[in-house]
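> build me a model:
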Amino acid sequence: MIIITAGRGPKGDETRLDLAQANREILKNVIDSMRPIKATAIMLIVTDPGDILTHFAQEYSGLPRKHVFGCGTALDTTRLRVALADKFNVHSSSVSINVLGEHGELQFPTYSCAHISNIPLLQFPGIEGIDLQELATLSAQRGFSILSRKGHSEFGVGMAVSKIVECVLKDKKEVFTVSVRVPGTNVCLSLPCVVGADGIERVLDIRPHLSEEENAKLREGIEKMSSCLSSLV
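Got it, this is the predicted structure:
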C-alpha cells in the first residue's frame, strides 16, 4: 500500500485549494519516482488539497481508480461523531452521521439522515438545545484550530490514516467517507465508500437520502472542483 503525504503546508491565509498547483507538481514527481508501480497497489492520498490531488493521482499513477483514493473527510466525520456523542452523553460508536463533499469550505454533515441507535438525530431527546450548524463548523475548523496553536496537526490525520490502512490490509470492508471520483463526473469528493483489500469496493449512493439543501451542497462542491480542475489543466 502506498501512502502519499508529501507536499507543503498552507502559508498565511491560504486555503487547501490555494495549495493545489504547488502540491500537484510535488505529487507528480513522487509518483514518477516510484515507477514501475505494481498493478495491484492501493494508493492513499493524504496531502492537501486532497480532492484535487486524488484526481491527479488517479491520472498520473495509471492504477485503477478504485485503487487510488484520498483521506477526504474521514477525520471530519469522526470529529463530528465525537462532538455529537459528547452533547448527548453517548458513545461515539452509537452516532451514525457522515461529513461529505469537498474537504474544506463546502463540506457538509448529513444531519437529515443521521441517527443515534436508530433514533433519527433530528428527533433525539435534547436536540432542541443544540446548535447543529455551530457544531459542524467547529468540527470542520478543528484542524486549523490545532494547527494555529501547535504549528502541526498530524496526530488526528495519522489516526484516520491508520484506520483506513488497517481496513485495507485486513479487508474489513468498513464504510469511510473518503475522496473518490463522483459517479458521472470528473471530480473527486468525499462520499461514503466500502473500503477493503481491493480499495474502494463500492461507492454508496446516499444522494436519494439527503435533504434538498445537502444535495445542493454536494452539487456546489462538484461545480467548484470542476472549475478548479479546469484552471489547473
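
> going by C-alpha atoms from here, please, whenever you check contacts or count neighbours.
Fine.

> packing partners of the longest helix anywhere in the chain?
Taking DSSP state H as the criterion, the chain has its longest helix at helix 212-232. Counting contacts by 3 or more Cα pairs under 8 Å, 6 or more residues apart in numbering; DSSP states H and E, helix 212-232 packs against helix 50-61, strand 108-109, strand 188-196.

> redo these as JSON lines? Include mean neighbour count.
Shown next, in JSON lines, are these (neighbours: other Cα atoms under 10 Å):
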{"stretch": "helix 50-61", "mean neighbour count": "24"}
{"stretch": "strand 108-109", "mean neighbour count": "24"}
{"stretch": "strand 188-196", "mean neighbour count": "25"}
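
> any chance of those in CSV, plus distance to residue 32 and mean pLDDT?
As requested, these are arranged in CSV below (distance: least, Cα to Cα, whole Å; pLDDT from 0 to 100):
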stretch, distance to residue 32, mean pLDDT
helix 50-61, 8, 97
strand 108-109, 34, 96
strand 188-196, 21, 98
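
> in JSON lines: these, plus distance to residue 125.
Converted to JSON lines, those look like this (distance: least, Cα to Cα, whole Å):
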{"stretch": "helix 50-61", "distance to residue 125": "36"}
{"stretch": "strand 108-109", "distance to residue 125": "19"}
{"stretch": "strand 188-196", "distance to residue 125": "27"}
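
> so which of the ones you listed comes closest to residue 29?
helix 50-61 (9.8 Å; Cα to Cα).

> so how far is that closest one off the chain centroid?
14 Å (Cα atoms, centre = their mean, to the nearest Å).

> what about the helices in the protein?
In the chain, the segments counted as helices under DSSP H are 20-33, 50-61, 74-88, 132-140, 142-150, 154-169, 212-232.

> so which elements touch the second one?
Read it as helix 50-61. With 3+ Cα pairs under 8 Å, 6+ apart as the test, helix 50-61 has helix 20-33, strand 43-45, strand 68-70, strand 174-181, strand 188-196, helix 212-232 packed against it.

> most packed of the ones you listed?
Highest mean neighbour count of those: strand 68-70, a mean of 29 (counted as mean count of other Cα atoms under 10 Å).

> and the average pLDDT for it is what?
On average, the pLDDT along strand 68-70 is 98.

> list the neighbours of it that are in contact with it.
The contact list for strand 68-70 (Cα atoms under 8 Å, 6 or more residues apart in numbering) reads 42-46, 50-51, 54, 57-58, 178-180, 199-200.

> tell me the one of those residues nearest residue 26?
Distance to residue 26, by Cα to Cα, is smallest for residue 57 among the contacts of strand 68-70, at 11.0 Å.

> and the most far-flung residue of the chain relative to its centre, what is it in contact with?
Residue farthest from the centre of the chain, counting by Cα atoms, centre = their mean, is residue 125 at 29.4 Å. Contacts for residue 125 (Cα under 8 Å, 6+ apart) come out as none.
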